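Chemist: with the input below, show me the fold.
(chains A, B and C)
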Amino acid sequence: MTLNLYQRIYEVVAQIPKGKVATYGQISKIVECNPRVVGYAMRNITEKMNLPWYRVINSRGKISFPLDSDAYFEQRSLLETEGVTFSEKNVISLDKFSFF
DNA sequence: CGTTTGACTGGCC
DNA sequence: TGGCCAGCCAAAC
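Modeler: Prediction:
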């Protein structure tokens, strides 16, 4: 069967191991699409799909949600639980934690 | 159909 | 170091 763009993006997300992260840009290169579309696909993820959406961050090593939002807190908590650390400026070291 | 909208990026200032 | 900008393109309107 033919895999559509979103399905291919989700397959890549599913490959990110625990304790590692990937950027929207890295994923977009693998599936050959615009980075914005990766973000668009993320927004479409439901709880039932059981995907590690929180392991996806932006190219600056930061979470793409406002610092004071519930979504930010949730994503950050999930990552820290897996051992991903944040700097005092709320940045994740891509050298240490990037999967790709 | 034409327009608007992003969980983005790289580059410039 | 940090913020702004244009380009990007599938989806939603």
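
Chemist: show me what from chain A comes close to DNA strand C.
Modeler: Contact residues, chain A versus DNA strand C (C-beta under 7 Å from any atom of the strand): A:4-6, A:33-37, A:40, A:44, A:89. To be clear about C-beta, it is placed using only N, CA and C from the backbone, and glycine gets the same treatment.

Chemist: of those, list those near DNA strand B.
Modeler: Answer for those near DNA strand B (C-beta under 7 Å from any atom of the strand): A:34-37, A:40.

Chemist: so residue A:76 makes contact with residue A:62?
Modeler: No. Using C-beta atoms under 8 Å, residue A:76 is not in contact with residue A:62, being 10.1 Å away.

Chemist: what about residue A:11, how many residues nearby?
Modeler: Using other C-beta atoms under 10 Å, residue A:11 is surrounded by 13 other residues.

Chemist: would you mind measuring from it to residue A:27?
Modeler: Distance, residue A:11 to residue A:27, by C-beta to C-beta, to the nearest Å: 10 Å.
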